[in-house]
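Asker: Fold the following.
(one chain, ligands or ions: 1)
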Amino acid sequence: MYDAVGPVVHVGFADPYCPRGRAAALGVEAPEALSVVDGGTMTVIQGPRFSTRAESRRNRADGGTVVGMTGAPEAQIARELAMCFTSIALVTDSDAGVDAESAVSHAAVLEAFSANVEHVGTLLRSVVEALPDDADCSCRHAVDGLTLPFELP
Ligand SMILES: [Zn+2]
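Answerer: Purely as a prediction, here's the structure:
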């Protein structure tokens, strides 16, 4: 929803990610060290912090498969600006909900991130190179027919 001065506008967000970006991400060869999984649902929490065990159980019960802190409002803003947006999540840990004894730690996250960030960078470069021209993408038409309170670039 735009909150600038002008008419209130709601933009469709049923499918938050760009289908062409997703196809590009799945169409490139990922570094061997990465295990790429297609699909999932990101539960976005306000951070930076880790979940409590109760939150972790709730996130899983709600259908969340990964927890992130930076998926929203970025995806909504991109859609409202008719921009393509695709998410690639680097999973670093199992949150707090795997068992009663374990819980994620800052050190464990840094270790997993450090071990994979170079591979994710390689993957991202490949995906960006594989992205098709976005002129005809459905994302670019997300606000067609809506009266916006400002001009899109
Ligand atoms: Zn798109």
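Asker: Isn't Leu123 up against Ile88?
Answerer: Yes: under the criterion of C-beta atoms under 8 Å, Leu123 makes contact with Ile88 at 6.9 Å. To be clear about C-beta, it is placed using only N, CA and C from the backbone, and glycine gets the same treatment.
Asker: Name the residue in these two with the higher neighbour count.
Answerer: The residue with more neighbours, out of Leu123 and Ile88, is Leu123; 21 against 14, by other C-beta atoms under 10 Å.
Asker: For the more buried one, give me its contacts.
Answerer: Applying C-beta atoms under 8 Å, 6 or more residues apart in numbering, one finds that Leu123 lies in contact with 25, 28, 30-31, 34, 36, 88.
Asker: quick one, helices of the chain?
Answerer: With DSSP state H as the criterion, the chain has helices at 19-27, 53-61, 74-80, 106-130.
Asker: right, so of those helices, which gets closest to Ser138?
Answerer: Judged by C-beta to C-beta, the one of these that comes nearest to Ser138 is helix 19-27, at 6.7 Å.
Asker: which residues of the protein score low on pLDDT?
Answerer: Along the chain, segments meeting pLDDT under 70 span 1-5, 97-101.
Asker: near the ion, which residues of it?
Answerer: Within the chain, the residues that sit near the ion (C-beta under 5 Å from the ion) are 18, 20, 84, 137, 139.
Asker: Top of these by number of neighbours, please.
Answerer: Of the residues of the chain next to the ion, with other C-beta under 10 Å as the count, Cys18 tops at 24 neighbours.
Asker: shouldn't it be in contact with Thr86?
Answerer: Yes: between Cys18 and Thr86 there is a contact under C-beta under 8 Å: 5.0 Å.
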